[in-house]
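>>> The amino acid sequence is not available; the structure is as follows:
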């Protein structure tokens, strides 16, 4: 199973070599968001770019991880519609390796995006103040979220088809904006701030801020005061839903 999974992962990496646009977008989109939110709005929100950048960047890392959802869904639907998935299923390989290879490849893509975002963030003035082990824990939480949304994306794409994928490009934005990624939920209207505080993305963004030694918002809600716990809990809950969903959807594909 492991060797089959690695073969499927390598297949995706070879596709990146011949069609590098996916890799380019994985690196370019985070940079665009950093320039737009940090460079254009940083001064207006916090007085200067660097002051806003330090709490912003952990949020952008979380957003970058979450946007892997739409990428995963697009590729899964594209493979299914072109018959690639059916051809893989007809091969004498472990069936779970097809999904496993997709998950590993998408996690690698997320990792590339996180590295690019982090390096550019440091160049712009982000100064994490945590020890190395705490930094590793922060990126571990991001990859756990990435694992969860990747499984979720595969399951939804297999069941919903192209229409759901197109809708996802619009639906992901409310989850991003109604969260603590860009601003403090305490500054929102009470009802909206409560929604933002319990958003799974807020938990991870807040946890990454704490673990990297970055400034945190003033939000005093329960998830904001225990961000690491809630980040892990949300990701595990999503996995508990997404893995069976994906397994059933995959078994339901026509042979």
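Cool, got the structure. Quick caveat, the model's predicted, so the values are computed rather than measured.
>>> middle-most residue in this structure, spatially?
With distances taken as Cα atoms, centre = their mean, the chain has residue 65 as the residue nearest its mean C-alpha position (2.0 Å).
>>> In which helix or strand does that residue reside?
In the assignment (DSSP states H and E), residue 65 maps to helix 49-66.
>>> give me phi/psi at residue 217?
When read as degrees, to the nearest 10, the backbone of residue 217 gives phi -70, psi 170.
>>> same check, this time on the one 10 residues further on
When quoted as degrees, to the nearest 10, the phi and psi of residue 227 stand at phi -70, psi -40.
>>> Pass me the low-pLDDT residue ranges in the stretch 1-150 of the chain, would you?
Where the stretch 1-150 of the chain drops to pLDDT under 70, the residues are 1, 39-40, 42-47, 86, 89-92, 95.
>>> and with 90 instead?
For the stretch 1-150 of the chain, the stretches flagged by pLDDT under 90 are 1-52, 67-103, 105, 123-125, 129.
>>> Helices of that one, start to end?
Remark: helices assigned in the stretch 1-150 of the chain by DSSP state H, counting those that start in this stretch are 2-18, 21-33, 42-46, 49-66, 68-81, 84-89, 95-124, 132-160.
>>> Which of those sits closest to residue 175?
helix 49-66 (7.0 Å; Cβ to Cβ). For glycine as for every other residue, the C-beta is placed from the backbone atoms N, C-alpha and C.
>>> gap between that closest one and the chain center?
Distance, stretch centre to chain centre, for helix 49-66: 13 Å (Cα atoms, centre = their mean, to the nearest Å).
>>> So which bits of it are buried?
Within helix 49-66, the residues that qualify as buried are 49, 52-66, counting by 16 or more other Cβ atoms under 10 Å.
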